[in-house]
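> I would like the atomic coordinates for the input below:
(chains A, B, C and D)
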Number of protein chains: 2
Amino acid sequence: MGAATPIVTALDRAGYRLTGPRQALASLIADQEGHFSAAELVVAARARRLGVGRATIFRTLEVLEELGAIERLDLPNGEHAYVGCEPVHHHHVVCSGCGRTSEIQDADLLRVVRRVARQTGYRIDEHRLELFGLCPACLTSQAASKRAGA
Amino acid sequence: MGAATPIVTALDRAGYRLTGPRQALASLIADQEGHFSAAELVVAARARRLGVGRATIFRTLEVLEELGAIERLDLPNGEHAYVGCEPVHHHHVVCSGCGRTSEIQDADLLRVVRRVARQTGYRIDEHRLELFGLCPACLTSQAASKRAGA
DNA sequence: GAGGCTATTGAGACTGTGTCTCACTCGTGG
DNA sequence: CCACGAGTGAGACACAGTCTCAATAGCCTC
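Got it, this is the predicted structure:
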């Protein structure tokens, strides 16, 4: 254990102190399978007796988002969640079954954005694309349970 | 006045009662220039002495969103806002200057979504695209003030 | 136009998320 | 090993959104 996660590395490189709470949170986040919320981290931290305060969790998430080490999602139900990810511009496909996410590249989206800019006259500074559906694994298990069940 | 707004019509057609509070809110929403939040409506309702309760505002917004008469946006800062709009699938360009929004049609987005589905193996059920920038009017006034100012 | 059924409402308690303050702690550079 | 200041935990706070429940008022029928 203790292997420096990418998050710890990112913090270090950005000149932030490598404190206990931050390392604890980094490994907690690295353990998350899908997306996670601040509240979930609070619960997880308490479960593991990390002794990390709520405020610290929010503050750390804020820093990490700024560094691009995690990204915030707006789920369809209005909740906020985070996913660990690469610090380059991209978008996410979120599985509504298991919460797992995949990163996708811009692909043709830039063209769409440019076209919209031309049509509306807006200067587009920022865009966000979020896709929701079922991942291959959940599709498979859904099909399986449908066959078995009713 | 009292001219039935599209919102009132939509409520009626869906079988909802045309109550005083709902009509008051409908006209309040019709008056909004750009996007608006639940909190703003609460303030506006109080300012006009409409006597509409907070709970009713939230409930009505929920109904209207269900009917597709308004749509919820997730602003970049994490806040929620609503915009009145046509009840067909579309996306929004939001002006970060004045808050005004324009609706845009899918255009090539469907192609992008399909391609992502193919590449990731997900079954995409839902997608959301939000664009943020400056509208032509704000661009103009920004340029003007830049010329005048520094 | 009156009456009754029931959807809708307002007030306010409640829950949960996120922010802020402040005294204390502990990384880090020297 | 020390000093400094970034970082921290506890808990108060601000705010969004939900829920309950008794009272009200649309709408339909007659």
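> can we go C-alpha only for contacts and neighbour counts from here?
Fine.
> What strands line up against the host helix or strand of A:Leu131, and which way round?
Assessed by DSSP states H and E, A:Leu131 sits inside strand A:123-134. Next to strand A:123-134 in the sheet, as set by DSSP bridges, lie strand A:91-95 (parallel), strand B:123-134 (antiparallel).
> Whether the helix or strand hosting A:Lys146 contacts chain B - can you check?
Taking DSSP H and E as the definition, one finds A:Lys146 inside helix A:136-148. Yes. Interface with chain B: helix A:136-148 contributes A:Pro136, A:Leu139 (CA under 8 Å from any CA of the partner chain).
> and that helix, average pLDDT?
For helix A:136-148, the mean per-residue pLDDT is 89.
> tell me the secondary structure for the most centrally placed residue in chain A?
Nearest residue to the geometric centre of chain A (CA atoms, centre = their mean): A:Val83, 1.2 Å. Counting by DSSP: H, G, I helix; E, B strand; the rest coil, the backbone at A:Val83 sits in strand.
> Chain B versus the residue found closest to it once you drop the neighbours it is linked to in the chain, what's the distance?
Among residues not flanking A:Val83 along the chain, A:His35 sits closest, at 4.8 Å (CA to CA, 6 or more residues apart in numbering or on different chains). Separation of A:His35 from chain B (CA to the nearest CA, to the nearest Å): 16 Å.
> Tell me how many other residues surround A:His35.
The burial count assigned to A:His35 is 22, neighbours taken as other CA atoms under 10 Å in any protein chain shown.
> That one is in contact with A:Arg100, isn't it?
Yes. Taking contacts as CA atoms under 8 Å, A:His35 lies within contact range of A:Arg100: 6.2 Å.
> The residue nearest to A:Val83: what's it in contact with?
Contact partners of A:His35, counting by CA atoms under 8 Å, 6 or more residues apart in numbering or on different chains, are A:Ala81, A:Tyr82, A:Val83, A:Gly84, A:Gly99, A:Arg100, A:Thr101.
> which residues touch the fourth one?
With contact set as CA under 8 Å, 6+ apart, A:Gly84 has these partners: A:Ile29, A:Ala30, A:His35, A:Ala69, A:Ile70, A:Glu71.
> Next, check those residues against the strands and list the overlap.
If you go by DSSP state E, the contacts of A:Gly84 have A:Ile70, A:Glu71 in strands.
> Buried residues, the least confident helix or strand in chain A by mean pLDDT. List them.
Lowest on mean pLDDT, DSSP states H and E among the helices and strands of chain A sits helix A:136-148, with a mean of 89. By neighbour count with 16 or more other CA atoms under 10 Å in any protein chain shown, helix A:136-148 contains the buried residues A:Cys138, A:Leu139.
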